[in-house]
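Participant: quick one: sequence plus predicted model below, questions after.
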Amino acid sequence: MISFLIRRLLASIVLLFVISAITFLLLSAPHTDVGRVLLGQAAEQSLVDAKNAELGLNQPVLVQYLTWLGNALRGDLGSSWFTSENVLSAIGNRIPVTLSLMVGVTLITAVVSFALGIWAGVRRGAADRFVQIIGVVGYALPGFLVTLIMVLVFAVQLRWFPAIGYVDFFTSPAGWLSTVTLPILALSVGSIAGVSQQVRASVIEVMRKDYVRTLRSRGLSPRRIIFRHVLRNASAPALTVLGMQFVGMLGGAVIVEQIFGLPGIGSMTVSYTTRGDIPIIMGLVMFTVIGVVVINLLVDVVVSWLNPKARLA
Amino acid sequence: MKLGKWSGFAALTLATGVLLSGCAGAAQSPAASDTLNIATLSIPQSLDPTAATGSNVPFFQAVYDTLIRRQANGDFTPMLATKWEYNADNTQLTLTLRDDVKFHDGTPFNAEAVKANMDRFRTSTGGDSKGLKNISEITVVDPTHVTITLSAPDPSLLFRLSDSAGLMANPAAFANPDALKTTPDGTGPYQLDKSKTVIGTKWVYDRDPKYWGDKLPYQTLTLSVFDNENAIVNGLKTGQIDTALLQSADQRAAAKQDAQLKIQDSNVDVQSIILFDRAGAMVPALGDARVRQALNYAIDRDTMLKQIRQGLGTTTSQMFGTDTLGYDKSLDNYYTHDPKKAKELLAEAGYANGFDLTLPRMAAIVDDALAASLKADFAAVGVKLTWQDVDQATALKQIFTDKGFPGLVLSLGQPANDWLMISSQLLPGSFNIFGYTDPEATELVNKIQHESVADSKADAQALNKHIVEQGWFVPFYRQTYALVTDGSVNVTQQSGMAVPSIYNYTPAK
């Protein structure tokens, strides 16, 4: 296990380096005139050139990248070209918003999906068909539509929740809960649809295994068979899907954050990428890569703990 | 499945919702409060005054005073300067300053501070810095008097001193310019609450109890930036946002459905084709005024306005805004939809079979309907219009830096000040990137620059008429935007500005 973790760590460092170089190159390729974007269409060319020089954009791309890399290795990711905010604090301010959504959605998805999946897999029949319908409907409904409907009904019409904005947990836990509930529910619909189907399929497969029949013949209670044996074996694929969804949730968060006006990483990624704010985008990419590596590592560790056959070596 | 189990779950959800709405005050109904929440789509590059431009100015007004206050109707009144006076040939402006104003750290505001601020502003790389390019020297006469010497008269100088160039920061803060970007230091009515501000998203300002001037009615001012108007409308409906300017006709319609929201029409932007290549360097046909006139006669402005903007706007043939001296109402209808006349003009110019015209298309500005409408109208007179899609990231470089296109469809703000309009849209540079002019325009511009603003109306109108007749632009319509409030705030529109000044808001009775 230790050697596995060390190998993963080394691979992650190489991955970070390679991705940072590729991203920087790609961002520099479109020849965005950052100075002009900053100063507006009407800015005189001399002013645009001066602004570009001020940002170091008159240097060759390699020099720009090496400067960024040198600073990054010292923990200085620079400041946004468009808002002057420090990259680390800009991302740090927005992480709690997106993390609230991601953790909330993952918890709800895990609980509801496992409940539905086990129910369908064990009961079969009408319960199974019901869960499958939920899966199809959840997949078929576009995420943005679900979100818009939720805002209109629960925020604008019923006024149960705020339509926009975010309240920090430490400022007001109740305020935080009220601002993240609808976004979490909106994002959970699609996730539950996917994970519950995975749990259902895994449970059905495991229930057909010989050892389950043996356990039944030995007189173990159905509850004990399901929670001690079936679930343990059926969880691995579902956890992998859940882990992938956690990472992929950034995509869904973009839409939800924009509709709810949440100052999170998703909406930040879109708005700063469109402007070509390289310091912020590089920071976001590094943050995302580290996040993906950590999540994948956690999933591997948990799966190996659940299933001895998948032990890490 | 038994209904009983699910009804329990539903009841729990309902209870949670009701509980949350109660304990968190999730969505209060609008009522006059001591906090003003303004939503906007524009974002300030920093809070250093050198970064202030256009619609970002309210972010700065909260913490910095300007030398001159510009009232909602465009009149100039005292602020940090109590008096101003030009010399006979308008090349020297002497300002008399208040002697009782201090920055937040106790540093006195005086003529030295004005000189330090203006010298820094005009030599910076800020977007508005070139607006002070005619200033040759700023001289401190005594602590309450400063003289601005110009290399040539600048009829927009007072406007600029009431805008970004007039924002006064504490010179002591210039030693650490990076800090000034996020920690503003001025004499303004508010101070930035850094603990509640999330730069890039929400700026929160608290009233400065020691402010030297009249207190504004709100204890707290919040400016929030959104990247879509849908969220803003939802915020207005739930009372989380007090006021915002909506540009989209669809969102205006959404706001209109809520009887509680109050909507004022705001006509600031004019949409047009800016014909850069008036000398015909890239597209020879555009060098002939008759061809440019033909393009103006070819388009069906009424149908465009009806189909594309749901009728929200006023068709026009002129670029001068309604608040300028040069505005002439009769020029709004100078060009009517007349394809026959357009064809005749093209034939006279030697283009009876039309010509090819390629324009860049930024999807955010030229939607499918507008693209199709212009293409069809031009095709009807023989002009083959090709749209070249340009992505937002590289568009400005291709269009303005590389000068890769003969023209551009754009929504341009209509300044309230004539010289501001002339210098940004007509003089070589800025939006006249090919640097075209003609003798008559040059003569009129020269006269307007050297005469007093009060005497310039006739020449400004003559200049306006000349550029309309010469077809420098192909204007479509002034777009009507919606200045919306949630009913708890009264707001007065600011002449020539899309987003009103922070002084223009009062609680509704």
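Facilitator: Sure, I can see it. None of the values given here were measured: they were computed from a predicted structure.

Participant: which residue packs closest to residue A:299, ignoring adjacent ones?
Facilitator: Among residues not flanking residue A:299 along the chain, residue A:243 sits closest, at 3.7 Å (CB to CB, 6 or more residues apart in numbering or on different chains). Quick note: C-beta positions are derived from backbone N, CA and C, even for glycine.

Participant: repeat that for residue A:120.
Facilitator: Spatial nearest neighbour of residue A:120, chain neighbours left out: residue A:131 (3.7 Å); criterion: CB to CB, 6+ apart.

Participant: for the helix or strand encompassing the one you found, give me every contacting residue.
Facilitator: With elements taken from DSSP states H and E, the one containing residue A:131 is helix A:125-140. Outside helix A:125-140, the residues that touch it by CB atoms under 8 Å, 6 or more residues apart in numbering or on different chains are A:116-117, A:119-121, A:189-190, A:192-194, A:196-197, A:200, B:1.

Participant: out of those residues, which are buried?
Facilitator: A:116-117, A:119-121, A:189-190, A:192-194, A:196-197, A:200 (16 or more other CB atoms under 10 Å in any protein chain shown).

Participant: strand partners of whichever strand or helix holds residue B:94, parallel vs antiparallel please.
Facilitator: Per DSSP H and E: residue B:94 is located in strand B:92-97. Strand B:92-97 has the following strand partners under DSSP bridges: strand B:81-86 (antiparallel), strand B:145-150 (antiparallel).

Participant: quick one: buried residues of the first one?
Facilitator: Meaning strand B:81-86. Applying 16+ other CB under 10 Å to strand B:81-86 flags B:81, B:84, B:86 as buried.

Participant: report how many residues lie close to the residue nearest to residue A:120.
Facilitator: For residue A:131, the count of nearby residues is 25 (other CB atoms under 10 Å in any protein chain shown).

Participant: mind checking the SS state of residue B:382?
Facilitator: coil (DSSP: H, G, I helix; E, B strand; the rest coil).

Participant: for it, what are its contacts?
Facilitator: Residue B:382 makes contact with B:343, B:346, B:351, B:352, B:353, B:354, B:355 under the criterion CB under 8 Å, 6+ apart.

Participant: export those residues to JSON lines and tack on distance to chain A and neighbour count?
Facilitator: Below are the contacts of residue B:382 laid out as JSON lines (distance: CB to the nearest CB, whole Å; neighbours: other CB atoms under 10 Å in any protein chain shown):
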{"residue": "B:343", "distance to chain A": "33", "neighbour count": "19"}
{"residue": "B:346", "distance to chain A": "30", "neighbour count": "26"}
{"residue": "B:351", "distance to chain A": "29", "neighbour count": "20"}
{"residue": "B:352", "distance to chain A": "35", "neighbour count": "11"}
{"residue": "B:353", "distance to chain A": "34", "neighbour count": "8"}
{"residue": "B:354", "distance to chain A": "29", "neighbour count": "18"}
{"residue": "B:355", "distance to chain A": "26", "neighbour count": "17"}
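
Participant: ok, residue B:61 to chain A distance?
Facilitator: 18 Å (CB to the nearest CB, to the nearest Å).

Participant: returning to what we had before: return the subset of the buried ones among the contacts of helix A:125-140 lying in helices.
Facilitator: Mapping these onto helices (DSSP state H) picks out A:116-117, A:119-121, A:189-190, A:192-194, A:196-197, A:200.

Participant: around chain A, pick out the residues from the stretch 201-350 of chain B.
Facilitator: B:201-202, B:224, B:226-228, B:230-232, B:234-235, B:237-238, B:240-241 (CB under 8 Å from any CB of the partner chain).

Participant: which of these sits closest to residue B:424?
Facilitator: residue B:227 (26.2 Å; CB to CB).

Participant: ok, that closest one - how many residues close by?
Facilitator: Neighbours of residue B:227 using other CB under 10 Å come to 16.

Participant: now it, what's its secondary structure?
Facilitator: Following three-state DSSP, residue B:227 is assigned to coil.

Participant: pLDDT score for it?
Facilitator: On pLDDT, residue B:227 comes in at 83.

Participant: verify the contact between it and residue A:258 for me.
Facilitator: Yes - between residue B:227 and residue A:258 there is a contact under CB atoms under 8 Å: 6.2 Å.

Participant: may I see the buried residues of the helix or strand hosting residue A:27?
Facilitator: Using DSSP H and E, residue A:27 maps to helix A:2-28. Buried residues in helix A:2-28, counted by 16+ other CB under 10 Å: A:8, A:12, A:16, A:20, A:23, A:24, A:27, A:28.

Participant: the residue nearest to residue B:489 when sequence neighbours are not counted: what's it in contact with?
Facilitator: With sequence-adjacent residues excluded and distances taken as CB to CB, 6+ apart, residue B:489 is closest to residue B:242, at 4.6 Å. Counting by CB under 8 Å, 6+ apart, residue B:242 touches B:30, B:36, B:37, B:38, B:236, B:485, B:486, B:488, B:489, B:505.
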